[in-house]
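**Student:** Here you go, sequence then predicted model.
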Amino acid sequence: MTDIISWDKAIDKKVKSSDDKDLGKIQSVTRDYIQTKEGTVDKKYYYIPKYYLQGYDGDHLWVSLTKDDLKSRFEGEKAPPAATFETPDYVQRKTTVTKQYPDFETNIPTYAGTSATASDSVAMPWDKIIDRKVKSSDNEDMGKVESIATSYVEVKEGAVHKKRYFIPKYHVQGFDGEYISTSLTKNEIKDRYERDSPPTESEFQTQEYVEQKRKVDSTYPQFLHGIPFMAKESGVKLQTEQSGETLNIPWEEIIHKRVKTTDNVDIGDIEQVGNEFIVVREGVARIRHYYIPKSYINNYDGSSVYVAAPSGLVSAKFERETEPTPEDIRMLANDAPPRKAS
């Protein structure tokens, strides 16, 4: 495993964008950004806000943005204005990264590249969704994934009267084990992306789509390499002991929340919510992933999620390097005690 290095050791290291393009070498590091220089004759300078960095693989530092994004936003002769570090997207990005890597301010985490995507970002590689069924945001069937390109997903609906939809990738939200979900309604997809040939590059440059892309990259830094897993149901239901009232907690509310065991030990943060389980990530240098059936969730106090298992059993029972099979999850779920909130 590549060692974690401090920011002061990053000078002269090579940098790459999320689409695997060279960005030159690091010239300087400040509290807010890194400065890279590309080229020796026709020099280009990039001032990249620190929290867009994903990590160091022993040879390159990797940035979570494409080279085109970086050129349009951070190429120049001087550092970005202070407002760059105050946008809602960047503040959210900083919060997310800090939760995953508490010492990010002083050290650069390791980055193992696309080979680690499945375990580190808990996502399904794009090439694995061929033939998966697709649904629109209004729960309408759109057909099946026919092919995957760099910028879009091709979906084919119908066997006789075939319709083809070329849906830009950043309108894909996730995979729940059965369906690929999109952020657009069926009418929006039909009006904008039903055609016989792929969209032009200009269609990916609209303000709306660029904003969508930034939000997704901020939430899922590895989106370029894989599609996030998501839950079918909208949230977890807990029944209070005092009144018997049922609490409905949206899954998105507990993403990145801390997880504690019955003996009040902190075992990490919720990284993803799958169809039948939550994925808890613990550690920075030595990362562990716990796949915990949802039936083990027995309390949520607004800051921490509690699971009905002692810390001593968590690793033995739930730790996995890859996603468990549905059968494994169901066997574990059968052992869960009745779920109640305090």
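**Tutor:** Received the coordinates, thanks.
**Student:** Please enumerate the strands of the stretch 151-300 of the chain.
**Tutor:** Taking DSSP state E, counting those that start in this stretch as the test, the strands found in the stretch 151-300 of the chain are 152-157, 163-168, 172-175, 179-182, 226-228, 235-239, 246-250, 258-260, 266-273, 277-282, 288-293, 297-300.
**Student:** Tell me how many other residues crowd Cys91.
**Tutor:** Let me fix one detail, which is that residue 91 is Val and not Cys. When counting by other CB atoms under 10 Å, one arrives at 13 neighbours for Val91. The C-beta positions use only the backbone N, C-alpha and C, and glycine is treated the same way.
**Student:** packing partners for the helix or strand harbouring it?
**Tutor:** Assigned by DSSP states H and E, Val91 belongs to helix 88-100. Contacts defined by 3 or more CB pairs under 8 Å, 6 or more residues apart in numbering; DSSP states H and E place helix 88-100 against helix 207-219, strand 266-273.
**Student:** Turn the ones you listed into CSV, including mean neighbour count and distance to Lys16.
**Tutor:** Shown next, in CSV, are the helices and strands packed on helix 88-100 (neighbours: other CB atoms under 10 Å; distance: least, CB to CB, whole Å):
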stretch, mean neighbour count, distance to Lys16
helix 207-219, 16, 15
strand 266-273, 20, 24
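**Student:** quick one: Phe166 and Pro198 touch, right?
**Tutor:** Yes - counting by CB atoms under 8 Å, Phe166 touches Pro198, with 4.8 Å between them.
**Student:** Neighbour count: those two, which is higher?
**Tutor:** Neighbour tally, Phe166 and Pro198, criterion other CB under 10 Å: the higher count belongs to Phe166, 22 against 16.
**Student:** Report pLDDT for that one.
**Tutor:** We note a pLDDT of 95 for Phe166 in this prediction.
**Student:** List the residues that contact it.
**Tutor:** Residues in contact with Phe166 (CB atoms under 8 Å, 6 or more residues apart in numbering) are 152-155, 193, 195, 197-199.
**Student:** Just grab the bridge partners of it for me.
**Tutor:** Phe166 has these beta-bridge partners by DSSP bridges: Glu154.
**Student:** Roughly how far does it sit from Asp127?
**Tutor:** Distance, Phe166 to Asp127, by CB to CB, to the nearest Å: 17 Å.
**Student:** about what we covered before: could the strands of the stretch 151-300 of the chain go into a markdown table alongside distance to Ser28?
**Tutor:** Shown next, in a markdown table, are the strands of the stretch 151-300 of the chain (distance: least, CB to CB, whole Å):
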| stretch | distance to Ser28 |
| --- | --- |
| strand 152-157 | 38 |
| strand 163-168 | 36 |
| strand 172-175 | 37 |
| strand 179-182 | 42 |
| strand 226-228 | 33 |
| strand 235-239 | 46 |
| strand 246-250 | 42 |
| strand 258-260 | 35 |
| strand 266-273 | 32 |
| strand 277-282 | 32 |
| strand 288-293 | 35 |
| strand 297-300 | 44 |
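**Student:** Worst mean pLDDT among those strands?
**Tutor:** strand 235-239 (a mean of 59).
**Student:** middle-most residue in the protein, spatially?
**Tutor:** Tyr220 (2.3 Å; CA atoms, centre = their mean).
**Student:** And the nearest residue to that one once chain neighbours are set aside, how close does it get to Ser202?
**Tutor:** Nearest non-adjacent residue to Tyr220, counting by CB to CB, 6 or more residues apart in numbering: Pro228, 5.3 Å away. Distance of Pro228 to Ser202, computed by CB to CB: 27 Å.
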